[in-house]
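Novice: sequence first, predicted model second:
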Amino acid sequence: MSATRKRTGLKTAAVLTTGLVASALVIWFSSYAAFTATTSNSGNTFNSGSVSITDDDSNGVLFTVSGLKPGDTGTRCIEVTFTGNVASSVKLYTTAVSYTGTLGTYIDFVVKQGTGGTYADCTGFVADASGGTIHNGTLAAFASGYTNFSNGIGTWTPSTANSKKTYQFTYTLQDNNAAQNKSAGIGFTWEAQSS
């Protein structure tokens, strides 16, 4: 093969290779040439709400009663405030650990919910519609019947901070000779759970 022919073949190969590369580049650039537009939404944040309640007892004791005789009675109130911001249900109960003694069988015990009145002092208390009674039985029945949120009592469903509900407790010692020389102790728990 002559040198001229060889050079012509190389030139042809070079031109072909260059043409193929140029074609590939044109196709590649063509496939990426388009109109574009974007939009965005930034600064998104997420915050959780809260469920919180307090009462106005200032760590005091609602009842300290001794020397009870048949027919003795008394009434005390406590105001509970919802300080959260998530709609909730509030229930009242006691725990088995906080109930002691045997006198509770002989103490009639009524619990109402309403408005007005403050810690210990029920002046101005107004029961909710239909009397507001959420328990009417004995102290022992209260202690055994309402032991956690799921079986607790009350119909209060606050949804805004600083909503208030007053609970009125009334006890009466039954006229029963078997109630002599007995005692009872109990604690009350209010629990709020988001709806």
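Specialist: Alright, I've got the coordinates.

Novice: what's the closest non-adjacent residue to Thr100?
Specialist: Distances taken as Cβ to Cβ, 6 or more residues apart in numbering put Gly185 closest to Thr100, at 4.2 Å, once the chain neighbours are dropped. (C-beta placed from N, C-alpha, C; glycine too.)

Novice: equivalent analysis for Gly124, please.
Specialist: Computed as Cβ to Cβ, 6+ apart, the closest residue to Gly124 that is not its neighbour in sequence is Gly116, at 3.7 Å.

Novice: residue contacts, that neighbour?
Specialist: When contacts are counted by Cβ atoms under 8 Å, 6 or more residues apart in numbering, Gly116 touches 123-126, 166.

Novice: picking that back up, tell me which residues touch the residue nearest to Thr100, please.
Specialist: 98-101.

Novice: okay, now the unreliable bits of the chain?
Specialist: Scanning the chain for pLDDT under 70 picks out 1-32.

Novice: so which residues of it form helices?
Specialist: Secondary structure of the chain (DSSP state H): helices at 3-32, 139-145.

Novice: so what are the domain limits for the chain?
Specialist: 1-38, 53-194 (automatic domain parsing).

Novice: as CSV, the ones you listed with distance to Asn44 would be great.
Specialist: Shown next, in CSV, are the domains of the chain (distance: least, Cβ to Cβ, whole Å):
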stretch, distance to Asn44
domain 1-38, 17
domain 53-194, 20
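
Novice: return the most buried member of these.
Specialist: Stretch with highest mean neighbour count among the domains of the chain: domain 53-194 (a mean of 16; mean count of other Cβ atoms under 10 Å).

Novice: how far does it stretch from start to finish?
Specialist: Using Cα to Cα, to the nearest Å, one end of domain 53-194 lies 12 Å from the other.

Novice: before we move on, what about stretch 179-186?
Specialist: Start-to-end span of stretch 179-186 (Cα to Cα) is 17 Å.

Novice: next one: stretch 125-145
Specialist: End residues of stretch 125-145 are separated by 26 Å (Cα to Cα).

Novice: follow-up on the earlier one: wait, which of the contacts of Gly116 is closest to Val61?
Specialist: For those, the residue nearest Val61 by Cβ to Cβ is Thr166; the value is 17.7 Å.

Novice: that closest one and Lys182, how far apart?
Specialist: 30 Å (Cβ to Cβ, to the nearest Å).
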